[in-house]
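Asks: Sequence first, then the predicted structure:
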Amino acid sequence: MLTKTRWPYPRIIAHRGAGVMAPENTLSALRVAASLGFAGVEVDARLAACGTVVLIHDGTVDRTTDASGAVSDFGAAELAAMDAGVWFGNEFAGQPVPTLEQGAALGQQFGLWMNVEIKTDPDADARDAGAAIAAEVARRWGAASPPPLLSSFSEDALAGARVAAPDLPRGLLVDALPHDWLDRAQALGCSSLHVRHDALSAAIVTAVREAGLGLLAFTVNEPGRAITLFEWGVDAIVTDELREIRADFLSLYGIG
Ligand code: G3P
Ligand code: MG
């Protein structure tokens, strides 16, 4: 049975804004997720050269815009002038690389809850990045209920986030579950673990639940696998497959 206090957030979460139905991490992606009835989205946040927090996955703009170079070498105005939609389809041409501020405003307008993943650069201080991004999330969401959930693969970033915005919940992201997962999560004051789904088993899910942590599985694109994970007791999944794993997936399959 889901404990609301452990996971007070949506349970079906659209990856990078709207999975593969719109250019990732754009304002269009948020609009598509909301139009399909999703209550929650995951977005990737990183720092521009000017310190503005922007929504983009990779450390470079090459894959998801019409420009090239490191995100951290561009200011927010330069990123806004790039086309972050045309690579996905002409109907999305003209999308800027959005700021977190823009994403937060649009998300709140649509009632979309967000998991903000903190991305870091290898040549920059992850603790500082985590602090800056967490502070901006706290600024843009205020006392939203439920609050947005921060997550990161970088434990340093989570440590920085904890100092800058201690009231925002944090989730530790891992590809594989380290043997000392509970110690790591507790040391960072994390309330949830976000684990690559194929690293999970029924026993691991039970152990995480018994430790009192929320458990999110990513990135789950097969409905059958999603059902298995929920049956094991996973709290939430992040998915690209917005057609088959729809917003009403849980009620459709009678998952409580
Ligand atoms: O938060 C889950 C997932 O987004 C982590 O991987 O690379 O898609 O950001 P990635
Ligand atoms: Mg992500």
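Replies: That came through fine. Ligands and ions are numbered 1, 2, ... in the order given.
Asks: And the residue in the chain that ligand 2 sits nearest to, its phi and psi?
Replies: Residue of the chain nearest ligand 2, by Cβ to the ion: residue 117 (4.0 Å). From N, CA and C alone the C-beta is placed, and that goes for glycine too. When read as degrees, to the nearest 10, the backbone of residue 117 gives phi -90, psi 130.
Asks: got a list of what residue 255 touches?
Replies: Residue 255 makes contacts with 227, 230-231, 249, as judged by Cβ atoms under 8 Å, 6 or more residues apart in numbering.
Asks: hmm, back to that, tell me, how many residues neighbour the residue of the chain closest to ligand 2?
Replies: Residues lying near residue 117 (other Cβ atoms under 10 Å) number 27.
Asks: how about the residues of the chain near ligand 1?
Replies: Residues of the chain found near ligand 1 (Cβ under 6 Å from any ligand atom) are 15, 42, 44, 57, 117, 151, 173, 194, 218-219, 238.
Asks: among the residues you listed, which are in strands?
Replies: Using DSSP state E, the members of these that fall within strands are 42, 44, 117, 151, 173, 194, 218, 238.
Asks: Compare these and tell me which has the most neighbours.
Replies: Counting neighbours by other Cβ under 10 Å, residue 117 comes out on top of those with 27 neighbours.
Asks: ok, back up a step: isn't the residue of the chain closest to ligand 2 up against residue 152?
Replies: Yes: using Cβ atoms under 8 Å, residue 117 makes contact with residue 152 at a distance of 6.4 Å.
Asks: Need the residues touching each of the two.
Replies: In contact with both residue 117 and residue 152: residue 173, using Cβ under 8 Å, 6+ apart.
Asks: how about the residues of the stretch 51-200 of the chain near ligand 2?
Replies: residue 117 (Cβ under 5 Å from the ion).
Asks: Which strand residues bridge the residue of the chain closest to ligand 2?
Replies: Counting by DSSP bridges, residue 117 is bridged to residue 44, residue 151.
Asks: Identify the residues contacting it.
Replies: Taking Cβ under 8 Å, 6+ apart as the contact definition, residue 117 lies against 42-45, 150-152, 173.
Asks: most centrally placed residue in this structure?
Replies: Note on the chain: the residue nearest the mean C-alpha position is residue 42, at 3.0 Å, using Cα atoms, centre = their mean.
Asks: so who does that one touch?
Replies: By Cβ under 8 Å, 6+ apart, the residues touching residue 42 are 13-17, 114-117, 218, 238.
Asks: mind listing the helices for the stretch 1-150 of the chain?
Replies: In the stretch 1-150 of the chain, the segments counted as helices under DSSP state H, counting those that start in this stretch are 27-35, 76-81, 100-110, 126-141.
Asks: Export those to JSON lines and append columns for distance to residue 178, mean pLDDT and mean neighbour count.
Replies: Below are the helices of the stretch 1-150 of the chain laid out as JSON lines (distance: least, Cβ to Cβ, whole Å; pLDDT from 0 to 100; neighbours: other Cβ atoms under 10 Å):
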{"stretch": "helix 27-35", "distance to residue 178": "31", "mean pLDDT": "98", "mean neighbour count": "23"}
{"stretch": "helix 76-81", "distance to residue 178": "34", "mean pLDDT": "98", "mean neighbour count": "17"}
{"stretch": "helix 100-110", "distance to residue 178": "29", "mean pLDDT": "98", "mean neighbour count": "19"}
{"stretch": "helix 126-141", "distance to residue 178": "18", "mean pLDDT": "98", "mean neighbour count": "22"}
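Asks: got the buried residues for stretch 174-189?
Replies: 174, 177, 181-182, 184-185, 188 (16 or more other Cβ atoms under 10 Å).
Asks: same check, this time on stretch 5-21
Replies: 7-21.
Asks: Not counting its neighbours along the chain, what's nearest the closest residue to ligand 1 within the stretch 151-256 of the chain?
Replies: Closest residue of the stretch 151-256 of the chain to ligand 1, Cβ to the nearest ligand atom: residue 218 (3.7 Å). Using Cβ to Cβ, 6 or more residues apart in numbering and skipping residues adjacent in sequence, the residue nearest residue 218 is residue 238, 4.0 Å away.
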